[in-house]
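Student: based on what follows, work out the 3D shape:
(2 chains)
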Amino acid sequence: MSLLRRAKTWEISDSEGSDAETKPDLNPEVATETKEDQSSGDQNRSVLPAAAGRQSAPSLSPPRPQGSGTPSPTRKRRTKEEIEADRQKAKERKEERERQRAARVQEKEERREAAERLKSLRPENCLKCLTVRLDPALLQQDGSDILLDTLAAFEWRFSIESQQLSHSITWTRDLPQQGEDVSVEEEQVVLVLGLADFMDMVISVKRMLDSEGEETERGSFLSPLLECLNRDAQKVVTLLVIESNYSINACGEHPRDEMLQSKLGMKNVDIEEVLVYLQLCKNISLVFLDGWQDVTDHVCAVTKALSKRPFKLLTERAELPFCVDGSWASGVRVERDGSGLVEVWSKQIQQLNRVSPAVASAVTASYPSPQLLLQAYQSLASEEERKGLLAGLLVKSGGKERRIGPEISARVYRCVTAQNPQLVLD
Amino acid sequence: MPASEPVRLGRKRVLPACPNPLFLRWLTELRDEAREKGLKTQYTYQKALSSLNKYPLPLRNAKEAKILQNFGDGICKILDEKLQRYHQENGADAQIQSVSSAAPPAGRADNNSVAPSRKKNSAGDGGKDRAPDGKKKRREYVPQKRSGGHAVLLTLYRQSQIPDSKGFMFKLELQAEAQPLCDKSFTVPDLGSKYTAWTSVSTLIQKNLLIKTHNPARYSLTEEGLALAERLAAAERQTTEEEEEEEEGPGVVDLTGSDDGEGEEDRTHPTGSAAGQQSSDTDASCSSEKPQSSQTTSRHQGGGCLLPGTYEIILCVDFIETTGGSNHRKQELVKELQRNRVNFDIRKLNVGDFLWVAREKVTPVPGQLRVPAGRELVLDYIIERKRMDDLCGSIIDGRFREQKFRLKRCGLHRPVYLVEEHGTAASHLSLPEATLQQAIVNTQVVDGFFVKRVQDVRESAAYLTIMTRYLNKVYQNRTLSCRSRELEGDVCGAEEERGVPSCSLISFAEFNHGAVKNKCQTVREVFARQLMQISGLSGDKAAAILEHYSTPHSLMAAYERCASEAEKEKLLASVRYGKLKRNVGPALSRTVYQLYCTQGPLS
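Tutor: Model (predicted):
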C-alpha cells in the first residue's frame, strides 16, 4: 500500500482537498483533469468504463473483474488505454481515500481508548475505585469513630467486614475495564495494635528468635500475622501502634521503655532486634501513633498513595535515562519572536557535565547560536582544530580569568557533531 | 591510520610548542584530573601551567622548574616522580624536552593529510631539537607491550575475531580478559600512584583507537584501533613463537620478559600478512598460556565465590554522613557506632547513605608489605537517611524524587528510607506535616521502599548497629557469588523468598561506579536534556523527538534536507509524544526551529 501510495503521491494529495499541508497546485491543467477524474470515478463509473471495451483492455491492463463487466462502447476523445488508466487511478484513489479514512477512524478510536484508559488511572478516578476494608474488631475500640467519620466525609468507599487478620485494614481496587465486579486486593495491610498487644507480639518474636525456630507460643497477634504472610508473601504489613493511654512521664522517659523494663527485663536493644527481624524477614514496618486521629491520617495517606500509584508507575516508566523532574528541567520561556532562545542555548551547553554557567556564557558570547558554532566548526580543516576550537576562550568567574580548556572544548564539539547517539562524552 | 593524532611526546596542539612538552602534559593531566574531582588544586596546577607556558627554555629536571613562579616543592616532587618513571620506561637517555629524534619516518606518509596551522619554526631551529617539529612528531601511537593500552587493544581485537561476538565489551569483562596480558593491575593502583593500567583507556579514546558508548559503558575498537590491534596481535604471535623456540623448555611461556622498548616497537610493526598465516598454531599457544594467568586474576575480578567464614559483613557509611556541617550531629552518629563496636567503614557512596558489604578476609602475603585487596560484594540493602527538615528541603528543591529515582536504579533491591522524626519538630517546617507524612507514605506505597521511622540520630545508630549484627548472623553460613549487572543485567529480586538473603551480589566497585551521578553522559542523553531546556518541552516530548532525531547532528541534517523554511518550521509539529500520542504541535516545533536554524545570533 505504501509503495502504491508513493508512486502516486501528488495525485492523491491533490485530489485530497482536505489535506491542508499540500501546496497549491502549480499546473492547472493537471488539476482540472484530476477533478474530472474524481467526478468520473465517483458518479459515472458505470458509463465511462464502458469505453474500455472488451477488445484491447484485457490484454493491456491488468485484469479488473468489475471493469470488463459493462460493455457499452461510447465514443470518446481519449483512447481506451487512457480511459482505462484514468479509471484505474480513480479507483485506486478512492480505495486509498477509504483506507485512509478507515485508518484515521481507527486511530482516533485507539487514541480515544488510550485517553480513556489514562483517564481512569488518574488519581481522582482511581480513588473512586478503591474500597477501604475495615475489620469490625477495630470499631469496638474507643475513638475509632473518627476513622469512619473521616472516610464518610471524604465520600470514599469503605466496608466493614471480617478480615483475614483481626484488627486490620486492607484495600481493594475495582478494575472497571475488566468488567463488573472485578477487583484486586492491594498489597498494603495496616494492623492497628495497642501498646500492650504490641508488647506481647515483641515478646513472642523474641522468644521465637531465641529458641532458634523451635515451636513456641506465638501469642494472639503474631501467629495470625505470620499465617497471613505465609499465605501471601507479597503483602506489605504496617503495624500502627497506639500508645495514647500512656503519657510521657516526668523524667521524659518513653512509656515503651518503662513497659519493657517491667516486662521480663526487656531492653531497647531487644525491641530493635525484633523490629529488624520483622523488617528483613517479613517486610513489616512499624509506626508509633498517639491515637485514632493519627491512625485515621495514616489510613487516609495510604489510600491517597494507592490512588496515585497506577498513574505514577505509568508515567515513571521513563524512556529517558535520568529523572525528568528537577529544577534543571524547568526550561526557559521562549516568546514567539524567539526572545529567550539565547538563554536556552546557554542552558543547553550547561547540560554537559561539569560545564558551569560561566563557561557556557563564554561559549555563547563567542558563538551566540548553534548555527554560528557549527559554521565555525565547518570552517576548520582538521578534526584537531575543531576539537580545540573553544579551548582558548576565556572564562570570567569570580574576578579570575581562565580558559575553557581542551577537555570541555572537545566534549562540546563531539556533542554537537557526533552521529552515534550512544557515544559517551566523558 | 590516526593521521591527526600527535605522538606521545606531543601535547594537544592548541598552543605554540612549549620546550617542555612532558611537564606540560603531566601538569595538564594533573589539572584536568583535579578539576574532574572538583579539587582546589586544579588552580595550583593551572597557575604552574601558565608559568611553564611562558618559560622559553627547556628544563632538564623538575628541580630546575623550581625557579618558575607557582612551582612549589609539591609540584616539583610529583614531576620528578613522573620523570623517573618515564626514564624507567623509556630508558635513561630519553629526551624530555621538545625533542623527537627517535621519531621514525614511518609515520610520515600517513600524516600528510593534516596540515596543522602551526608556523614553521624557522627562527632558531637549526638544532636537531627543533627541526623535526611539525610532521615528524606525529609519529604513530603504539602502546608498549604488556602495558594497559596494549592489553586492552589486543583483548578487544581477540574478542572481535570471535564469530558472532557482540562487538563490544563491558568494563569488567574487558579488565578481566586483558589482565593476563598486562603487568600492571587494572584495578589496584601501584603503591604511591593513583593510576592503574585502566588509565590508559582514556589515552586510547583520545587517540581515536577506542570508542566508548552507552551506559553502562561499552568499549569497542575504531577502524584505526582495529588496524593497530591487528598488527599488535600479529607481532604478539611472532614474539610468542620466538620465545617458544628459544626456550624449548617445559612449556613455561613467560611473556613478562620484556626488555628494552626500542626492540619492542620494532616488533610491533611487521605487516600482518605473514603472521596471519600462522594463526592456527599460535592460537593454540595463546590459549595454553591464558588459563593459568587468568586464574590468578579472577580472584580479583570477582569471579568465583566467597565461602562462609571467608568474609565479614561491614557497614559502609557515606562520608557526607560523617563530615561537613557545622553541627556535631554528624559526628554523633559515628561516635555512637564506635561505641556500639560496629564494624564500619567510611567511604564515598555515590548513592545512599549506608549499605553493607561482604568483605573477603585477607591475610598479608609473606614478603609483601601490602595486604592484597579483598573482594567486596554489596548486600541488597541500601539506606537513605532523612531528618524531617532534610526531607522538607529535599521535597522543595526536587532532590527527593531524584534521589528515589537513583535509589531505584542502583541495583540493590531493598532500599530503606530511614526517617528521623524528632518528635514535634516537624510542625515548624515550611511544609505542613500532613504533606511530609504523605511523602513518607508514598515512599512506602508507591515507590516500594521500606520506611523505618526513628526519633533521633541515637536511634538511627542503634538501628544500624542491630542491622549490622543481624546481617552478620544471617550471612554466617552463606556462600556468596558475584554477579555483574553489566553482563547479566538486573535480576528482579522478587523471586527470592522472604527471609532468605540474596547471595548473588554485585561487587562494590561495580555498584559504586554505576551509581556515579552525572557520569558517562551519552550524546543522546545530553541532547534530551538540551531539548528540555525549552519551556514546555517536557521529558516525554523530548523522548518522542529523540525517537526521530537522536543527536543534534541528525536534527540539523533533517533541517538541511527540508525544501523550505516553512517545512523546517513544521518539522517536529507532527511528532507524536506520550501515552496519548499527541502532536508536539506547531508552536514548539517553531521554537526548536528558531533555536537550531537561526543563522545569526539568538536573542
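Student: ends of stretch B:26-46, how far apart?
Tutor: 12 Å (C-alpha to C-alpha, to the nearest Å).
Student: er, stretch A:380-396 actually
Tutor: By C-alpha to C-alpha, the extent of stretch A:380-396 from end to end equals 26 Å.
Student: which positions in it come out as buried?
Tutor: A:382, A:383, A:384, A:385, A:386, A:387, A:388, A:389, A:390, A:391, A:393, A:395 (16 or more other C-beta atoms under 10 Å in any protein chain shown). Glycine gets a C-beta too; all of them are placed from N, C-alpha and C.
Student: in the stretch 501-603 of chain B, which spans are strands?
Tutor: Assigned by DSSP state E, counting those that start in this stretch, the strands in the stretch 501-603 of chain B fall at B:504-505, B:576-577, B:582-583.
Student: ok, and which of the buried residues of stretch A:380-396 reach chain B?
Tutor: Among these, the ones lying near chain B by C-beta under 8 Å from any C-beta of the partner chain are A:382, A:383, A:384, A:385, A:388, A:391.
Student: so which of the buried residues of stretch A:380-396 belong to helices?
Tutor: Secondary structure defined by DSSP state H assigns A:383, A:384, A:385, A:386, A:387 of the buried residues of stretch A:380-396 to helices.
Student: turn these into CSV, columns for pLDDT and distance to residue B:344.
Tutor: Output for these, formatted as CSV (pLDDT from 0 to 100; distance: C-beta to C-beta, whole Å):
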residue, pLDDT, distance to residue B:344
A:383, 89, 50
A:384, 89, 50
A:385, 92, 52
A:386, 94, 50
A:387, 92, 45
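Student: out of these, which is nearest to residue A:201?
Tutor: Distance to residue A:201, by C-beta to C-beta, is smallest for residue A:387 among these, at 66.9 Å.
Student: you'd agree that closest one is up against residue A:408?
Tutor: No: if you go by C-beta atoms under 8 Å, residue A:387 and residue A:408 don't touch, sitting 10.7 Å apart.
Student: chain B contacts on the stretch 51-200 of chain A?
Tutor: The stretch 51-200 of chain A comes close to chain B at residues A:111, A:114, A:115, A:118, A:188, as judged by C-beta under 8 Å from any C-beta.
Student: ranking the residues you listed by neighbours, who comes first?
Tutor: Tallying neighbours with other C-beta atoms under 10 Å in any protein chain shown puts residue A:188 at the head of these, with 20 neighbours.
Student: you'd agree that one is in a strand?
Tutor: Yes: assessed with DSSP: H, G, I helix; E, B strand; the rest coil, residue A:188 lies in a strand.
Student: for it, give me its contacts.
Tutor: A:170, A:171, A:235, A:236, A:238, A:302, A:306, B:445 (C-beta atoms under 8 Å, 6 or more residues apart in numbering or on different chains).
Student: rank those by pLDDT and give me only the lowest.
Tutor: Here the lowest pLDDT out of these sits on residue A:235, with 92.
Student: pLDDT below threshold where in the stretch 301-450 of chain B?
Tutor: Within the stretch 301-450 of chain B, the ranges that satisfy pLDDT under 70 run B:301-304, B:323-330, B:424-427.
Student: and chain A, split by domain according to the record?
Tutor: A:125-245+A:256-316, A:339-417 (the TED database).
Student: can you give me the strands in chain B?
Tutor: Using DSSP state E, the strands of chain B run over B:169-170, B:210-213, B:218-221, B:305-306, B:311-318, B:344-347, B:354-360, B:376-387, B:414-420, B:450-454, B:480-482, B:504-505, B:576-577, B:582-583.
Student: turn these into CSV, including mean neighbour count and distance to residue A:362.
Tutor: Formatted as CSV, the strands of chain B follow (neighbours: other C-beta atoms under 10 Å in any protein chain shown; distance: least, C-beta to C-beta, whole Å):
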stretch, mean neighbour count, distance to residue A:362
strand B:169-170, 22, 36
strand B:210-213, 21, 27
strand B:218-221, 22, 32
strand B:305-306, 20, 51
strand B:311-318, 21, 34
strand B:344-347, 15, 36
strand B:354-360, 23, 40
strand B:376-387, 23, 37
strand B:414-420, 23, 40
strand B:450-454, 19, 46
strand B:480-482, 19, 46
strand B:504-505, 19, 46
strand B:576-577, 18, 34
strand B:582-583, 14, 37
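Student: ok, which of those comes nearest residue A:367?
Tutor: That would be strand B:210-213 among these, by C-beta to C-beta, at 26.6 Å.
Student: that closest one and chain A, are they touching?
Tutor: Yes: shown here: strand B:210-213 in contact with chain A (C-beta under 8 Å from any C-beta) through B:211, B:212, B:213.
Student: distance of residue A:312 relative to chain B?
Tutor: 5 Å (C-beta to the nearest C-beta, to the nearest Å).
Student: wait, that residue touches residue B:446, no?
Tutor: Yes: contact status for residue A:312 versus residue B:446: in contact at 5.5 Å, counting by C-beta under 8 Å.
Student: count of neighbours near residue 367?
Tutor: Looking at chain A here, since you left the chain open. Neighbours of residue A:367 under the rule other C-beta under 10 Å: 22.
Student: let's do chain B instead
Tutor: Residue B:367: 5 surrounding residues under other C-beta under 10 Å.
Student: quick one, phi psi at it?
Tutor: phi 90, psi 0 (degrees, to the nearest 10).
Student: how far away is it from chain A?
Tutor: Applying C-beta to the nearest C-beta, the value for residue B:367 to chain A is 40 Å.
Student: run through the neighbouring helices and strands of the longest helix seen in chain B.
Tutor: Scanning chain B for the longest helix, with DSSP H as the assignment, gives helix B:223-247. Contact partners of helix B:223-247 among helices and strands, from 3 or more C-beta pairs under 8 Å, 6 or more residues apart in numbering or on different chains; DSSP states H and E: helix B:148-161, helix B:261-267, helix B:272-277, helix B:279-301.
Student: could you give the angle of that helix to helix B:148-161?
Tutor: Counting by axes from the mean of the first three to the mean of the last three C-alpha atoms, to 10 degrees, helix B:223-247 lies at 100 degrees to helix B:148-161.
Student: run the chain-centre distance for helix B:223-247.
Tutor: 28 Å (C-alpha atoms, centre = their mean, to the nearest Å).
Student: list the buried ones in that helix?
Tutor: B:224-240.
Student: ditto for stretch B:394-408
Tutor: For stretch B:394-408, by 16+ other C-beta under 10 Å, it's B:394-395, B:398-408.
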